[in-house]
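Engineer: what follows is a predicted structure for the sequence shown.
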Amino acid sequence: MRAFTYERAISADAAIAAVTSAGPGARFISGGTNLLDLMKLEIERPTHLVDISRLPLRAIEELADGGLRIGAQAANSDTAADARVRSRYPVLTEALLSGASGQLRNKASVGGNLLQRTRCPYFYDTPSACNKREPGTGCSAIGGINRIHAILGASESCIATHPSDMAVAMTVLDARIEILGPGGATRTVAIGDFHRLPGDTPHVETVLRPGEMITGVVLPVPPPGRQIYRKVRDRASYEFALVSVAVIVAAERGAITAARIAFGGVAHQPWRSPETEAELVGRPATMATYRSAAETAMKGAVGRGHNDFKIDLAQRTLCRTLALAAGEA
């Protein structure tokens, strides 16, 4: 690990001022569950760390319209255990509890979870070519061992996937991310617009601007219907998704009246499929309907060899999850 300087911020404005004045080598650090690993491998090489873990951004607050605001420093475990999250947004609790281990969930923050970087093995292997780690060097996963890689939204520059379970659930819930920038400037970004697809610049992963930090996530009033998060992985715990699906389905008299779908483990960002959602509404809650919708969801999917199986796996996972959700709805 390379030498760096450190300071603990006393306010969000002070943290932003410190990162801005320190220049491009500065980073915010909260739980550090991803950043510290990257620093040890010299993938991330910050010259100055600004600790924001003690800022008063941990609260989970009721909103006047019936939604919730989750502070960026709220721990993943506290968010998952909150009674309001468990009762109104069970898909989020399920997603959070399926990620990492209890120890990591106790330390990892909501804001940090959204910003964690890919677990592509070539990204972590510094001798390998990786456009995300070192732009312009190539993508070793294309033509390499790419079993865990993207089948949707990828490019010839990068086929990595985003690892967050939480972000998939927040995507199906239409969450909005609150951002604070230099000079006290604030803005809110829909979670579907927050993570960028790789294109020719896979190293640019989000729409955050220099000096900006996440201060909270707003969950709107939960939509009607049954919420389920299903994660398919190589082992039962402490493993990232090969494919995951978050669904919210409402049904009445054997027909689907509302549907939301988001995939994880298949793209550079949580993958929402509005076309698939629209196809489901008004149709009978049958396996034939689910299979048709699954084919629509994977219509643009492209396998790279080792990950070809993900296309079929994503379809089967969606069908199984829709059947469970519609049946219980």
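Structural biologist: It's in. Just so it is clear, the model here is predicted, and its values are computed rather than measured.
Engineer: can you list the low-confidence ranges for the stretch 151-300 of the chain?
Structural biologist: Applying pLDDT under 70 to the stretch 151-300 of the chain flags no residue at all.
Engineer: now the longest helix along the chain: mean pLDDT?
Structural biologist: Identified as the longest helix of the chain according to DSSP state H is helix 309-328. Helix 309-328 comes out with an average pLDDT of 96.
Engineer: counting by contacts, list what it packs against.
Structural biologist: Helix 309-328 sits against strand 226-232, strand 243-252, strand 255-264, helix 287-297, with contacts defined as 3 or more Cβ pairs under 8 Å, 6 or more residues apart in numbering; DSSP states H and E. In this view, the C-beta of every residue, glycine as well, is placed from N, C-alpha and C.
Engineer: quick one: closest of those to Ala83.
Structural biologist: Nearest to Ala83 among these is strand 226-232 (15.6 Å), distances taken as Cβ to Cβ.
Engineer: for the closest one, which strands pair with it and how are they oriented?
Structural biologist: strand 243-252 (antiparallel) (DSSP bridges).
Engineer: gap between the partner strand and the chain center?
Structural biologist: Relative to the centre of its chain, strand 243-252 is centred 17 Å away, using Cα atoms, centre = their mean, to the nearest Å.
Engineer: before we move on, what about stretch 168-175?
Structural biologist: With Cα atoms, centre = their mean, you get 9 Å for stretch 168-175.
Engineer: now tell me what touches that stretch from outside.
Structural biologist: Residues from elsewhere that reach stretch 168-175 (Cβ atoms under 8 Å, 6 or more residues apart in numbering): 89, 91-92, 94-96, 114, 190-192, 217-220, 222-223, 227, 229, 244-248, 260-264, 270, 272.
Engineer: quick check: buried residues in the helix or strand that contains Thr276?
Structural biologist: Per DSSP states H and E, Thr276 falls inside helix 274-280. For helix 274-280, a neighbour-count test (16 or more other Cβ atoms under 10 Å) marks 276-277, 279-280 as buried.
Engineer: I'd like the distance between Met12 and Gly216.
Structural biologist: Just so we're on the same page, residue 12 is Ala rather than Met. 10 Å (Cβ to Cβ, to the nearest Å).
Engineer: do the same with Arg119
Structural biologist: Taken as Cβ to Cβ, the span from Arg119 to Gly216 is 26 Å.
Engineer: cool, Phe123 as well?
Structural biologist: According to Cβ to Cβ, Phe123 stands 28 Å off from Gly216.
Engineer: one more: Glu134?
Structural biologist: Counting by Cβ to Cβ - Glu134 and Gly216 are separated by 33 Å.
Engineer: who's more crowded, the two?
Structural biologist: Gly216 (23 against 14; other Cβ atoms under 10 Å).
Engineer: can you pull the contacts of the closest residue to the more buried one other than its chain neighbours?
Structural biologist: Nearest residue to Gly216 in three dimensions, chain neighbours excluded: Glu178, at 4.3 Å (Cβ to Cβ, 6 or more residues apart in numbering). By Cβ under 8 Å, 6+ apart, the contact list for Glu178 reads 69, 72, 186, 188, 214-218.
Engineer: turn these into TSV, including distance to Arg8.
Structural biologist: What follows is these, written out as TSV (distance: Cβ to Cβ, whole Å):
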residue	distance to Arg8
Arg69	24
Ala72	16
Thr186	23
Thr188	27
Ile214	18
Thr215	17
Gly216	20
Val217	23
Val218	27
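Engineer: quick one: which of these is most hemmed in?
Structural biologist: Val217 (29 neighbours).
Engineer: give me the contacts around the helix or strand containing it.
Structural biologist: Here Val217, judged by DSSP H and E, is contained in strand 213-219. For strand 213-219, the surrounding residues in contact (Cβ under 8 Å, 6+ apart) are 12, 15-16, 19, 28, 52, 57, 63, 67-72, 89, 92, 110-111, 114-115, 170, 173, 175-181, 188, 191, 208.
Engineer: what's around Ala64, how many residues?
Structural biologist: Around Ala64 there are 5 other residues, counting by other Cβ under 10 Å.
Engineer: kindly report the same for Gly303.
Structural biologist: Look at Gly303: counted by other Cβ under 10 Å, it has 15 neighbours.
Engineer: from Val85, how far off is it?
Structural biologist: According to Cβ to Cβ, Gly303 stands 36 Å off from Val85.
Engineer: picking that back up, pull the distance from the helix holding Thr276 to the chain's centre.
Structural biologist: Worked out by Cα atoms, centre = their mean, helix 274-280 lies 21 Å from the chain centre.
Engineer: one more: stretch 55-66?
Structural biologist: 20 Å.
Engineer: rewinding a little: what does the residue nearest to Gly216 show for phi and psi?
Structural biologist: With angles defined as degrees, to the nearest 10, Glu178 sits at phi -90, psi 130.
Engineer: quick check: bridge partners of it?
Structural biologist: With DSSP bridges as the rule, Glu178 is bridged to Thr188, Gly216.
Engineer: isn't there a helix covering Val50?
Structural biologist: No: Val50 is assigned strand when assessed by DSSP: H, G, I helix; E, B strand; the rest coil, not a helix.
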